[in-house]
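> Requesting a structural model of the entry that follows:
(2 chains)
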Amino acid sequence: MKKVQEHRLPDLKNVHGKVVMRMAPSPSGPLHIGHSRMAILNDEYVKRYGGELILRLEDTNADNIDPFAYEQIPRDLEWLGVKVTRTVIQSDRLAIYYDEARKLIGKGHMYVCHCDRESFKNSRQQGIACPHRESDPAGNLEAFDMMVAGKFSSGEAVAVLKTDMKHQNPSVRDWISFRIGKSRHPRTGENIFLFPTMNFSVAVDDHLLGLTHVIRGTDHISNTDKQSYIYSYNGWTPPEYFHYGFISIPDAIMKTSIIKQGIVSGRYKGWDDVQLHTLMAMKRRGYSPETFRRYWIESGLRVQNATFSWEIFNSMNRENVDSGAKRLFFVTSPVKIRIGGGTDMRASIPFHPEHRELGTRDYELGSDPEVFVSSDDLDSVVDGGILRLKDLCNLRRNGNSFELEQGKDISLKSVKIVQWCPADSPDFKVLRPDGSTDTGVIEPLHSSVRGISQFERYGYVRLEKGYALFLHN
RNA sequence: GCUCCGAUGGUGUAGUCCGGCCAAGCAUACCGGCCUUUCAAGCCGGCGACCCGGGUCCGAAUCCCGGUCGGAGCACCA
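Take a look at the predicted model:
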């Protein structure tokens, strides 16, 4: 195994003793490769400095929740080796958000607004305050309690945090902190419809949970701005923030809603479909959790955007899986040929060229056996040329037939070496991430192999019953 | 359009804060050679980058200004 110089994540700023960090996915589905980045980065820092890593499930938008995610996300994290020390679910904390809202309303920092959506938006865009902005705290408190009690329906009232109507970013101006949901929330039941918006619950939680450092994407920069008002109204000290650049991952669908659609329509067989890049699917194909960690550490914590490199990722994974990947012969476009010559033939082939302790697979072929070889390989041999069936024998092409090359001179260099399968090999298929399927035959003793295998001259795969999933070359 | 941010080889990064040890390191990819009964792995060698233009300075990838290109945000989503 070659030496690799380890990259090191930059130190966090303003660390005093232990850190408290968090990852905050919304439970809209299982985690995918994009989530693995924030999970691992946070985990690395908590492991470096010591402290807490909080998993906070952000489920304040009932339209965007898949109950399955509540159980799968912790499993995904465990598989990644991310050590969560505490889990909180925002829908359990509604009372806390209501309380914090009442405090802010009482101090005149928040008000209840009854404008329709469009006019609120338009006046804010122009920096004009809505008429409800100056209503008195007592009335606002009353109105807020009516919202909590379900006296308003969606669209009739929102709670708004006062900020600065002249702020250069219109979205930071008086922003909506509570709205009445339209759908039933799977966890809070029938009678709860008032939910904080993300910026409100995040600011409150980050403070109350004692976060010292928050690392998140650059898409949250303006949210940090918005949230800062809650900190200053309450006299709270904000955590140290770092916003990292966006990494686009080619060929990976990162939108859970699209994946879900595909599952419903039948395009994908489930969250672990070979075409997807959920952690469930990548685990199933044979990616190792250590690969994710190494890649994200190497990729670092930078403000610049970048493009994910499958080349590098797969290369790291190859290093992680190769020593345990037993070699097997898989023959595509199989053609049966007879090896004449009357010799009794047998083969004993190591499962791994460098790890002989993994054993061999042995085949007794008898005399004049038939074997499968790929027609592509046969076609590539010129008349009179030699083809070597790996670990079995040399064949010489004579017109359209192949004859055993007696003497079996293995010192012969530059002969074409190809994989082959015994005549009783079963049909086999490999599902590929692009949705296609490769078919062929596989040697019988593949049934003794579990997990990740390297099909020689084909690629790494992970075996399942009766077929395999393509991992990478 | 407005606000903010960024720019190192094909790709991913180190170095940029505190200018000299950077005629720019590492990985991956590619090319050549070695090894080899896999087009895997391994070994040796090679190719290849500081966006452009000014300025400051003895000295700039690093600091300043301008330009170009790229990105993010501008929700009753997170």
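
> The helix or strand encompassing residue A:311 and RNA strand B, any residue contact?
If you go by DSSP states H and E, residue A:311 is part of helix A:310-321. Yes - using C-beta under 7 Å from any atom of the strand, helix A:310-321 comes into contact with RNA strand B via A:311, A:312, A:315, A:318, A:319. Any C-beta I mention is one placed from the backbone N, CA and C, and that applies to glycine too.

> Please report phi then psi for residue A:457.
Residue A:457 adopts backbone torsions of phi 60, psi 20, taken as degrees, to the nearest 10.

> should've said residue A:113
Main-chain dihedrals, residue A:113, degrees, to the nearest 10: phi -120, psi 140.

> Please apply the same query to residue A:346.
Main-chain dihedrals, residue A:346, degrees, to the nearest 10: phi -150, psi 160.

> Specify the beta-bridge partners of it.
Note on residue A:346: beta-bridge partners by DSSP bridges are residue A:364.

> what separates residue A:99 from RNA strand B, distance-wise?
18 Å (C-beta to the nearest atom of the strand, to the nearest Å).

> for residue A:359, same thing?
Taking C-beta to the nearest atom of the strand, one finds residue A:359 at 15 Å from RNA strand B.

> on that earlier part again, what comes into contact with the helix holding residue A:311?
Identification of contacts with helix A:310-321 by C-beta atoms under 8 Å, 6 or more residues apart in numbering yields A:1, A:250-251, A:286-288, A:290-291, A:294-295, A:298, A:452, A:460, A:471-473.

> among those, which ones are buried?
Those of the contacts of helix A:310-321 that meet the buried threshold are A:286, A:287, A:288, A:291, A:294, A:295, A:298, A:452, A:460, A:471, A:472, by 16 or more other C-beta atoms under 10 Å.

> any chance of those residues in a markdown table, plus distance to residue A:390 and secondary structure?
As requested, the buried ones among the contacts of helix A:310-321 are exported to a markdown table (distance: C-beta to C-beta, whole Å; DSSP: H, G, I helix; E, B strand; the rest coil):
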| residue | distance to residue A:390 | secondary structure |
| --- | --- | --- |
| A:286 | 23 | coil |
| A:287 | 28 | coil |
| A:288 | 27 | coil |
| A:291 | 29 | helix |
| A:294 | 32 | helix |
| A:295 | 33 | helix |
| A:298 | 35 | helix |
| A:452 | 20 | strand |
| A:460 | 18 | strand |
| A:471 | 21 | strand |
| A:472 | 22 | strand |
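
> Contacting RNA strand B as well, which ones from those residues?
Within these, those near RNA strand B by C-beta under 7 Å from any atom of the strand are residue A:298.

> among the buried ones among the contacts of helix A:310-321, which two are most distant?
The most widely separated members of the buried ones among the contacts of helix A:310-321, counting by C-beta to C-beta, are A:298 and A:452 (22.2 Å).

> on that earlier part again, of the residues of helix A:310-321 next to RNA strand B, buried ones?
Buried among these (16+ other C-beta under 10 Å): A:318, A:319.

> any chance of the residues of helix A:310-321 next to RNA strand B in TSV, with pLDDT and distance to residue A:130 too?
Shown next, in TSV, are these (pLDDT from 0 to 100; distance: C-beta to C-beta, whole Å):
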residue	pLDDT	distance to residue A:130
A:311	94	53
A:312	95	51
A:315	96	56
A:318	96	59
A:319	95	59
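
> who in the stretch 301-450 of chain A is up against RNA strand B?
Near RNA strand B, the residues belonging to the stretch 301-450 of chain A are A:302-309, A:311-312, A:315, A:318-319, A:322, A:327, A:352-354, A:388-393, A:408, A:410, A:417 when assessed by C-beta under 7 Å from any atom of the strand.

> Would you show me how to pick out the buried ones of those in PyMOL?
Selection of buried members from those for PyMOL, criterion 16+ other C-beta under 10 Å:
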select buried, chain A and resi 308+318+319+327+352+388+389+391+392+393
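
> Just the ones in strands from the residues of the stretch 301-450 of chain A next to RNA strand B, please.
A:306, A:307, A:327, A:388, A:389, A:393, A:417 (DSSP state E).

> any chance of those in TSV, plus pLDDT and distance to residue A:232?
Shown next, in TSV, are these (pLDDT from 0 to 100; distance: C-beta to C-beta, whole Å):
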residue	pLDDT	distance to residue A:232
A:306	93	34
A:307	93	38
A:327	97	63
A:388	91	76
A:389	93	76
A:393	90	81
A:417	92	71
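
> Determine which two of those are furthest apart.
A:306 and A:393 (50.2 Å).

> low-confidence ranges in chain A?
A:1-6, A:406-413 (pLDDT under 70).

> Residue most distant from the centroid, it?
Computed with C-alpha atoms, centre = their mean, the residue of chain A farthest from its C-alpha average is residue A:342, at 55.1 Å.

> Show me how far stretch A:42-52 is from its chain's centre.
Using C-alpha atoms, centre = their mean, to the nearest Å, the mean C-alpha position of stretch A:42-52 is found 21 Å from that of the whole chain.
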